[in-house]
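Novice: Have a look; sequence and predicted model below, questions after that.
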Amino acid sequence: MTELYEILEKFATCGWDLIDRPARDFLDGKDNRDELIAAIAEADAQCGSCGCEFDPLYKKALELLK
């Protein structure tokens with residue numbers, strides 16, 4: 001779970017509303033796993049192959065959340 005929390009901390013501070021709020025909420029203990037998975041999947045679909053540092057993190061986070 002440590003790896004997941006490290007990834008979510010990056011998402012929570014990225015400034016992209018699509019994933020930062022759901023990631024922050026999850027880290028704060030909110031029961032929003034389904035919302036978080038949907039947000040990360042959408043982020044991966046929109047930006048998962050742009051070449052930024054987040055591309056592999058989307059896939060890893062989804063793997064760890066399932």
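Specialist: Cool, the structure landed.
Novice: Show the model's pLDDT score for K66.
Specialist: pLDDT, the model's per-residue confidence, is 88 for K66.
Novice: How many neighbouring residues does it have?
Specialist: Summarising burial for K66: neighbours were counted as other C-beta atoms under 10 Å, giving 7. All C-beta spots, glycine's among them, are computed from the backbone N, C-alpha and C.
Novice: One more: A39?
Specialist: Around A39 there are 23 residues (other C-beta under 10 Å).
Novice: so it is in which element?
Specialist: A39 is part of helix 33-47, with elements assigned from DSSP states H and E.
Novice: CA-only coordinates of the next helix or strand after that helix in CSV, if you can.
Specialist: Once helix 33-47 ends, the next helix or strand along the chain (criterion: DSSP H and E) is helix 55-65. In CSV, the C-alpha atoms belonging to helix 55-65 read as follows (Å, rounded to 0.1, in the frame of the first residue of the first chain):
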residue,chain,number,x,y,z
ASP,A,55,2.0,7.9,-17.6
PRO,A,56,3.2,4.8,-15.9
LEU,A,57,1.8,5.9,-12.6
TYR,A,58,-1.8,5.8,-13.9
LYS,A,59,-1.4,2.2,-14.8
LYS,A,60,0.4,1.2,-11.6
ALA,A,61,-2.2,2.9,-9.4
LEU,A,62,-5.1,1.2,-11.2
GLU,A,63,-3.3,-2.2,-10.8
LEU,A,64,-2.8,-1.5,-7.0
LEU,A,65,-6.4,-0.4,-6.5
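Novice: Helix 55-65: which residues count as buried?
Specialist: If you call a residue buried by 16 or more other C-beta atoms under 10 Å, then helix 55-65 has these buried ones: 57-58, 61-62, 65.
Novice: any idea which of those is closest to A43?
Specialist: Here the nearest of these to A43, counting by C-beta to C-beta, is Y58; it sits at 5.6 Å.
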